[in-house]
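Asker: Predicted model and sequence follow; I will ask about them next.
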Amino acid sequence: MPSVRVAVFDLGSSSFHLMVVDASRDGRLAPVLRRRAFLHLGTEVATTGSVPQERSTAAVATVRRLHAAAEKAGADVVIALATAALRDAANGGRVLSRMERALGAPITLVSGDEEARLCFLGQRAGVWVGEEPVLGLDLGGGSLEAAVGTATTVRSVTSVPIGTARIRGELATGDVLRDDERRAIAALTVERAEPIAAMVAASPGSGRRVIASGGTVRAVARLAMGIHRPPPATGASTSSVNQVEVPAGQLAELADRLARLDLEARLALPGIQARRAPLLPIGAIVLSSLVEHLGLSGLVVSEWGLREGAVFDRLALAPRPD
């Protein structure tokens, strides 16, 4: 079946991503190329309210490099999205204009609600969703997106200002989280998650199955697998965490453990990636606090989210059959 090569630029609060895939009409996405650069714009914006000059320059240079990689890959369609950090920054419009010139294409500054909708489109294409409503969550560096929907509909969406980089900037937390810092993160999560709680309450049963995506979610799942599951047989792959279930109790245990470790000790844990380790304790506390507050039994991980959802939306693809 003929396919279309699509390049997605996801210019986020913690990192900038480039994903190039060959998308077929049956809803399958064949990976071609992935690139990522961690810029941590969300922390800077939360601390100062804007993107500092040096970060702006680094962001433009990163977009230029990613654009060159997409050009080399021969993309037919380009989708460029900017999210929470550039939505919130006082100088976000100016930074966005500079990045558009580097990319040679328009960049869509997506609203929080639109980001939540696209995330859910990706989640339900990557993880089984039936006709009963489910809750989708995507935790990023600057915001937390939530949606309730089914295999064929998106019923409601919301976005709240909870993100790992944002919280680090707002609370100025240390490497090893003190008890008062842990309480502050949990309290902030519960306070700002009220729109999500209201959305779940308005759709009875949606909290019975919860799909979660994002780099922090995947990192927590890899850690859970490394600690609680036996080593795989020789030659077996350990990289995928798609459809891995992380129970609420396990999330709470991991959040408590990560908060008490310094960066060196976290890096020694199984499955931990160096790029995720600095903000992982904050993310684990956010996820655990949210699960507890909403009375959820746990999370089912989707490796697909915003970027894949943007492809499905642009090309009007149906979710892939499994």
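Answerer: Arrived safely, thanks for sending.

Asker: Can you tell me the centre-most residue of this protein?
Answerer: Gly214 (2.6 Å; CA atoms, centre = their mean).

Asker: If we ignore the residues flanking it in sequence, what's nearest Asp138?
Answerer: Leaving out its chain neighbours, the residue that sits closest to Asp138 by CB to CB, 6 or more residues apart in numbering is Cys119, at 4.0 Å. To be clear about C-beta, it is placed using only N, CA and C from the backbone, and glycine gets the same treatment.

Asker: Would you mind listing the residues in contact with that neighbour?
Answerer: Going by CB atoms under 8 Å, 6 or more residues apart in numbering, Cys119 touches 136, 138, 145, 147, 213, 305-306, 309.

Asker: 6 Å instead, please
Answerer: 138, 145, 305-306, 309 (CB atoms under 6 Å, 6 or more residues apart in numbering).

Asker: one step back: quick one: neighbours of the closest residue to the residue nearest to the centre of the chain other than its chain neighbours, just the number.
Answerer: Spatial nearest neighbour of Gly214, chain neighbours left out: Leu139 (4.5 Å); criterion: CB to CB, 6+ apart. Leu139 has 24 neighbouring residues, counting by other CB atoms under 10 Å.

Asker: Surely Leu139 touches Ser213?
Answerer: No: Leu139 lies out of contact with Ser213 (CB atoms under 6 Å); the separation is 8.1 Å.

Asker: So, low pLDDT: which residues of the stretch 151-300 of the chain?
Answerer: Scanning the stretch 151-300 of the chain for pLDDT under 70 picks out 230-238.

Asker: quick one: the helices in it?
Answerer: Using DSSP state H, counting those that start in this stretch, the helices of the stretch 151-300 of the chain run over residues 164-171, 179-192, 194-201, 215-228, 248-259, 263-267, 280-294.

Asker: Alpha carbons only: can I get the third one in PDB?
Answerer: Written as PDB, here are the backbone C-alpha positions of helix 194-201 (Å, rounded to 0.1, in the frame of the first residue of the first chain):
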ATOM      1  CA  GLU A 194      -9.100  19.800  39.400                       C
ATOM      2  CA  PRO A 195     -10.200  20.300  35.700                       C
ATOM      3  CA  ILE A 196      -9.100  16.700  35.100                       C
ATOM      4  CA  ALA A 197     -11.000  15.500  38.100                       C
ATOM      5  CA  ALA A 198     -14.100  17.400  37.000                       C
ATOM      6  CA  MET A 199     -13.800  15.900  33.500                       C
ATOM      7  CA  VAL A 200     -13.500  12.300  34.800                       C
ATOM      8  CA  ALA A 201     -16.500  12.900  37.200                       C
END
